[in-house]
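J.: dropping the sequence and predicted coords here.
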Amino acid sequence: MASHPTQLSILQDEIRKRYDELSKRLKQVARYILDNSNSIAFDTVASIAERADVPPSTLIRFASAFGFSGFNEMKQIFRQHLMEETVSYTERARLFRQNANSDPTAAPEKPQEVLNMFTMVNVQALQQLPGLVKPEQLDEAIRLLANAENIYVIGLRRSFSVASYLTYALRHLERRAFLIDGLGGMFSEQLSMVSPKDVVIAISYSPYASEAVELVELGARKGAKQIAITDSQVSPLSAFSDVCFVMHEAQIDGFRSQVVSMCLVQALAVSLALNNAK
């Protein structure tokens, strides 16, 4: 079974690729990070620095060298990966509580507290959304959709609900929209008729579904225009996209929302409807 690329695996590949050009101290950090990904998720900066035999300031320099504002921001990728690899929601909850031990007031216990926390983080994520999306991105996406003969929507596993809603909305706009769900394992067959006159919309977040990446590559080979909805500029979807929307979904460790992505696709559908009404 093909492994799914994740934000962590992409970061690890980048560290390996740039290893030879790093200073001696940064190489020490690189080696420790590559060899201890699980422990980094919950260890303190001080303990990581001690085990890597470098000053804490070196960890900050290392994070900065790879585009992070601080080492704690880099740690979030390791923590998220650990959560993603933990399939059981019960186990995720245990890890969530373990993470919250340093700040017990941050861990919701009662259902109302859980609701309050998810509401709060989703509101914050939605408030950030307009700043993440450029007007020209929206305009180009609507132009591509308006001119498309067929629209193929790809969204597997966690992304399936967003893809399903978008396909539903496009059908109500009387567009030829097709949801690629891979029924019977027929992923490539469902996209086999795609042409340069069509648009492929791919939705995938870390860990990126390998089937989605393969379909995006197929669409590119067939010359179709592509719109990506993903969570990182270095997502494997972005390299093939004509328009790439990078979403920052609300999350509490391993429990991630879809509110921001759903808001975006609703905006695309309504904008397309208004464009059709001109």
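T.: Yes, it's here.
J.: what's the helix or strand for Met193?
T.: Met193 is part of no helix or strand when elements are defined by DSSP states H and E.
J.: number of residues surrounding it?
T.: 11 (other CB atoms under 10 Å). Placement of C-beta: from N, CA and C, glycine included.
J.: now it: closest residue in space that isn't a chain neighbour?
T.: Among residues not flanking Met193 along the chain, Asn150 sits closest, at 7.8 Å (CB to CB, 6 or more residues apart in numbering).
J.: sec struct for Phe78, please.
T.: Under DSSP: H, G, I helix; E, B strand; the rest coil, the three-state class of Phe78 is helix.
J.: does it touch Ala41 like I think?
T.: Yes: in terms of CB atoms under 8 Å, Phe78 counts as a neighbour of Ala41; the distance is 4.4 Å.
J.: still on that earlier bit, hmm, the residue nearest to Met193 is touching Ile201, no?
T.: No: in this structure, Asn150 is not within contact of Ile201 by CB under 8 Å, at 11.2 Å.
J.: neighbour count: those two, which is higher?
T.: With neighbours defined as other CB under 10 Å, Asn150 and Ile201 compare such that Ile201 has more, 31 against 16.
J.: the spatially closest residue to Ala209 that is not a sequence neighbour: neighbouring residues, count only.
T.: Ranked by CB to CB, 6+ apart and with sequence neighbours excluded, the top spatial neighbour of Ala209 is Leu156, at 4.3 Å. Look at Leu156: counted by other CB under 10 Å, it has 20 neighbours.
J.: residues contacting Leu156?
T.: Leu156 is in contact with Ala163, Asp181, Gly182, Ser204, Ala209, Glu211, Ala212, counting by CB atoms under 8 Å, 6 or more residues apart in numbering.
J.: off-centre distance for stretch 23-37?
T.: In terms of CA atoms, centre = their mean, to the nearest Å, the centre of stretch 23-37 is set 25 Å apart from its chain centre.
J.: i'd like the first residue to be 536 from this point on
T.: Sure, I'll start counting at 536 from here, so that last one is stretch 558-572.
J.: got a list of contacts for it?
T.: By CB under 8 Å, 6+ apart, the residues outside stretch 558-572 that reach it are 543, 547, 550-551, 554, 557, 575, 583, 586-589, 593-594, 596-597, 600, 613, 616.
J.: quick one, which of those are buried?
T.: 543, 547, 550, 557, 575, 583, 587, 589, 593-594, 597, 600, 613, 616 (16 or more other CB atoms under 10 Å).
J.: can you flag which of those belong to helices?
T.: Members of the buried ones among the contacts of stretch 558-572 lying in helices (criterion: DSSP state H): Leu543, Gln547, Ile550, Ile575, Ile583, Ala587, Thr593, Leu594, Phe597, Ala600, Phe613, His616.
J.: and those as TSV, adding pLDDT and distance to Asn810?
T.: Formatted as TSV, these follow (pLDDT from 0 to 100; distance: CB to CB, whole Å):
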residue	pLDDT	distance to Asn810
Leu543	80	39
Gln547	85	42
Ile550	87	44
Ile575	78	47
Ile583	87	51
Ala587	86	54
Thr593	90	52
Leu594	91	49
Phe597	92	47
Ala600	90	44
Phe613	79	43
His616	70	40
